[in-house]
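**Q** below: sequence and its predicted model.
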Amino acid sequence: MKLFIKYMVSNRCKIVVKEILKEMNLHFILVELGEVEIMETISDEQRELLKNELLESGLELMDDKKSILIEKIKTIIIQLIHHTEEDIKINFSDYLSEILHHNYNYLANMFSEVQGITIEHFIINHKIEKIKELMIYGELTITEIAYKMNYSSVAHLSTQFKKVTGLSPSHFKHLKNKRRNPLEEIGTSKSINL
């Protein structure tokens, strides 16, 4: 049985979900970001218990198809930007359409309608957050970061960074208190710049 879980954006979330499933004596086949496959078919009572356990950990069991599809879009974007080591050299619209088997316009319109933000802006916000992380680690130059994140130039990265954060990358790098946003809050009304 497949289950879809909202706000499951990190390996820590996967660990939490595995622990909850073990406590409930549910056997998982697969625990991925936003998606779980278990061996059992769960009863309404078990589903309610699982829903409450997940909520206590800041996660949410999803039921409707639209929410599940939106969560899949978010999970794919987060996975590509935050959890892969390779340089981002893909066209997100083509990739999302291919993976999710839906026309990109349909995905984009539904995402905007429900999230109040375009997929493009969601991607940009996540790329900026990843850029902050890479700058804080200090292992790459801004030129290398621009290449890794698939920007046409350092100027393009800098313009987008300033538009989202209000700061230039060099100004951000010199801040003593470099603030980052939790992944699950990026692209939501909870999200704060800087």
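**A** Nice, thanks for sending it over.

**Q** does Leu167 touch Ser158 like I think?
**A** No: applying Cβ atoms under 8 Å as the test, Leu167 and Ser158 come out as separate, 10.0 Å apart. C-beta: built from backbone N, CA, C; applies to glycine.

**Q** what residue ranges in this protein score low on pLDDT?
**A** For the chain, the stretches with pLDDT under 70 are 176, 178-180, 182, 184-185, 187-194.

**Q** leaving out the residues flanking it, which one is nearest to Leu107?
**A** Spatial nearest neighbour of Leu107, excluding adjacent residues (Cβ to Cβ, 6 or more residues apart in numbering): Leu96 at 5.8 Å.

**Q** go on, Val36?
**A** Leaving aside its chain neighbours, Val36 sits nearest to Leu3 (4.6 Å; criterion: Cβ to Cβ, 6+ apart).

**Q** check the offset of the one helix or strand that neighbour maps to from the chain's centre.
**A** Per DSSP states H and E, Leu3 falls inside strand 2-6. Centroid displacement of strand 2-6 relative to its chain, using Cα atoms, centre = their mean, to the nearest Å, is 14 Å.

**Q** ok, stretch 115-131 next?
**A** Once both centres are worked out by Cα atoms, centre = their mean, stretch 115-131 turns out to sit 9 Å from its chain's centre.

**Q** who's in contact with it?
**A** Outside stretch 115-131, the residues within contact range by Cβ atoms under 8 Å, 6 or more residues apart in numbering are 70, 73-74, 77-78, 81-82, 88, 92-93, 96, 107-108, 111-112, 145, 149, 157, 160-161, 164-165, 169, 180-181, 183, 186-189, 191.

**Q** what domains does the record give for the protein?
**A** Annotated domains of the chain cover 2-63, 68-185 [automatic domain parsing].

**Q** where along the chain do the strands fall?
**A** Using DSSP state E, the strands of the chain run over 2-6, 28-32, 35-38, 60-62.

**Q** and among these, the most buried is which?
**A** Of the strands of the chain, the one with the most neighbours on average (mean count of other Cβ atoms under 10 Å) is strand 2-6, at a mean of 20.

**Q** quick one: strands adjacent to that one?
**A** Looking at strand 2-6 with DSSP bridges, its partner strands are strand 35-38 (antiparallel), strand 60-62 (antiparallel).

**Q** out of these, nearest to Arg47?
**A** strand 60-62 (7.2 Å; Cβ to Cβ).

**Q** which residues sit against that closest one?
**A** 3-7, 47, 50-51, 54, 68, 71.
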